[in-house]
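**Q** Sequence and predicted structure below; questions after.
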Amino acid sequence: QVQLVESGGGLVRPGGSLRLSCAASGRTFSTDVVGWFRQAPGKERECVSSINWTGGRTYYADSVKGRFTISRDNAKNTVYLQMNSLKPEDTAVYYCAAGPRTLVYSNCVGADFGSWGQGTQVTVAS
């Protein structure tokens, strides 16, 4: 099973940017669908973005479309989430997750992803 480690979270002011990284170890996940999810206190986990195994197809939740960009570098076994124009409502713990190549990446359902990282906190506040 692949192990995932997120990094890059932190405290940022509204309008600022962060880049999250999801590094995989244990095996390559170059053929996995990878998703970024987030969970704010008192709220359900939601899918933010996902990317298919080639990196050629991506999905974004409406709430982040135009502000976030997902990408992957399979040579580095890493997936990124560039977050721009951050808003206070983006505050949450962000998780990356990996699932089999056959996943319909655009569905981005958490239960379909078998491997999860421990999460990284993103706080957007002035």
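**A** Cool, the structure landed. Bear in mind that the values here come from a model prediction, so they are computed numbers and not experimental data. Numbering: from 1, shown residues only.
**Q** list the contacts for the spatially most central residue of the chain?
**A** Central residue of the chain (Cα atoms, centre = their mean): Trp36, 2.2 Å from the mean position. If you count contacts by Cβ atoms under 8 Å, 6 or more residues apart in numbering, Trp36 has them with 20, 22, 47-50, 70, 79, 81, 94-97. All C-beta spots, glycine's among them, are computed from the backbone N, C-alpha and C.
**Q** Ok, Lys43 next?
**A** Applying Cβ under 8 Å, 6+ apart, the residues near Lys43 are Ala92.
**Q** What helix or strand is it located in?
**A** Using DSSP states H and E, Lys43 falls within no helix or strand.
**Q** pLDDT score for it?
**A** Looking at Lys43, its pLDDT is 96.
**Q** go on, Val33?
**A** Reading off the model, Val33 has pLDDT 95.
**Q** so what's the residue nearest to Pro88 when sequence neighbours are not counted bridging to?
**A** In space, and not counting its chain neighbours, Pro88 is closest to Val124: 5.0 Å by Cβ to Cβ, 6 or more residues apart in numbering. Note on Val124: beta-bridge partners by DSSP bridges are Val12.
**Q** if I look at the residue located most distally from the centre of the chain, how far off is Pro88?
**A** Distance to the chain centre peaks in the chain at Ser126, reaching 23.6 Å (criterion: Cα atoms, centre = their mean). Applying Cβ to Cβ, to the nearest Å, the value for Ser126 to Pro88 is 8 Å.
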